[in-house]
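Engineer: this one's sequence-less:
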């Protein structure tokens with residue numbers, strides 16, 4: 001029987017299998033690669049017994065070849081099932097537990113004789129521990145980020161470089177009156193006035209006017225920064241509701257302006273001033289800025305003050 005094999009490992013494994021069955025193999029080459037390669041190779045016969053391993057497989061299984069050969073492969077790879085299906089995808093096998101776990105992608109090749117009878121399997125084991133650990137670390141980092149993101153007391157919006165919302169936390173939805181799904185894909189400019197030139201370079205904090213879903217105007221304080229998200233540049237806005245502070249500031253500024261006007265009137269006119277009418281105008285202007293139930297007016301010598 002003549003068998004043509006492509007890989008050095010496959011050649012050596014097939015040689016061992018056929019030799020084990022008392023057959024002759026020709027056209028085999030480069031078995032030295034099979035002995036020195038870092039991937040583990042195991043040859044299993046049709047009865048599920050290991051009949052050959054290379055040094056790398058012995059290191060992976062942490063057993064010498066003498067303790068592996070002749071034993072059922074499932075003694076060492078209990079989660080791996082072998083069948084006669086050809087072209088099977090690589091399967092992941094985990095050896096060890098918890099912090100000492102090692103991960104391997106196992107490719108299985110089915111070996112038949114010239115009459116298509118099952119002879120056994122060759123197993124190629126590739127160590128992917130570092131890759132899996134990196135994936136697990138990235139997943140854990142993402143979970144920590146998502147927890148902090150959702151539990152933050154401030155509203156947070158992530159936008160791409162086109163100014164479109166790509167992520168939002170719960171507080172952002174509460175602040176603007178939208179669900180998270182409604183916020184995704186919405187232009188930031190539809191939510192608040194954009195400071196600077198919109199390229200994410202404004203760090204802040206800065207205060208801008210914004211608008212809720214129901215049309216209510218509010219004032220927000222934004223701290224903006226650039227970051228990388230999924231390998232792409234993005235802006236992160238940390239937002240606080242500054243409406244009360246802004247309205248109080250405007251009311252104080254208006255009160256100062258009104259007081260200055262009253263002082264000017266009092267100085268320029270010694271008599272003939274319709275005080276009640278002037279006071280009503282003052283209070284009406286204040287009510288437009290900051291709703292109130294009551295107000296106090298103090299007379300200090302010849303000056304008036306409103307609080």
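Structural biologist: Structure's in. What do you need? This is a predicted model, so every value here is computed, not measured. Residues are numbered from 1 along each chain as shown.
Engineer: Can you list the residue ranges for strands in the stretch 201-307 of the chain?
Structural biologist: Under the criterion DSSP state E, counting those that start in this stretch, the stretch 201-307 of the chain contains strands at 206-211, 217-229, 232-241, 297-300, 303-306.
Engineer: Show residues contacting the first one.
Structural biologist: It stands for strand 206-211. Contacts to strand 206-211, defined as Cβ atoms under 8 Å, 6 or more residues apart in numbering, come from residues 176, 191-195, 217-222, 242, 246. Glycine gets a C-beta too; all of them are placed from N, C-alpha and C.
Engineer: Just send these back as JSON lines, with pLDDT and distance to residue 70 too.
Structural biologist: Formatted as JSON lines, the contacts of strand 206-211 follow (pLDDT from 0 to 100; distance: Cβ to Cβ, whole Å):
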{"residue": "176", "pLDDT": "94", "distance to residue 70": "70"}
{"residue": "191", "pLDDT": "93", "distance to residue 70": "71"}
{"residue": "192", "pLDDT": "92", "distance to residue 70": "73"}
{"residue": "193", "pLDDT": "88", "distance to residue 70": "77"}
{"residue": "194", "pLDDT": "83", "distance to residue 70": "73"}
{"residue": "195", "pLDDT": "73", "distance to residue 70": "75"}
{"residue": "217", "pLDDT": "90", "distance to residue 70": "81"}
{"residue": "218", "pLDDT": "91", "distance to residue 70": "77"}
{"residue": "219", "pLDDT": "91", "distance to residue 70": "79"}
{"residue": "220", "pLDDT": "92", "distance to residue 70": "73"}
{"residue": "221", "pLDDT": "92", "distance to residue 70": "74"}
{"residue": "222", "pLDDT": "92", "distance to residue 70": "71"}
{"residue": "242", "pLDDT": "89", "distance to residue 70": "77"}
{"residue": "246", "pLDDT": "82", "distance to residue 70": "82"}
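Engineer: Buried ones among the residues you listed?
Structural biologist: 176, 191, 192, 194, 218, 219, 220, 221, 222, 242, 246 (16 or more other Cβ atoms under 10 Å).
Engineer: need the contact list for residue 235.
Structural biologist: Going by Cβ under 8 Å, 6+ apart, residue 235 touches 158, 159, 160, 161, 200, 224, 225, 226, 227.
Engineer: Any idea which of the residues you listed the model trusts least?
Structural biologist: Ranked by pLDDT, these bottom out at residue 200, which has 48.
Engineer: So which residue is smack in the middle of this structure?
Structural biologist: With distances taken as Cα atoms, centre = their mean, the residue of the chain nearest its centroid is residue 142 (4.3 Å).
Engineer: Shouldn't it be within a helix?
Structural biologist: Yes: per DSSP: H, G, I helix; E, B strand; the rest coil, residue 142 lies within a helix segment.
Engineer: Please tell me how far it sits from residue 209.
Structural biologist: Separation of residue 142 from residue 209 (Cβ to Cβ, to the nearest Å) stands at 34 Å.
Engineer: Poorly predicted segments of the chain, please.
Structural biologist: Residues of the chain that meet the criterion pLDDT under 70 lie in 1-34, 86-87, 196-204, 261-279, 281-283, 285-293, 295-307.
Engineer: Quick check: closest non-adjacent residue to residue 95.
Structural biologist: The shortest distance from residue 95 to any non-neighbouring residue, by Cβ to Cβ, 6 or more residues apart in numbering, is to residue 102 (4.8 Å).
Engineer: Same question for residue 170.
Structural biologist: In space, residue 170 is closest to residue 150, 5.7 Å off (Cβ to Cβ, 6+ apart).
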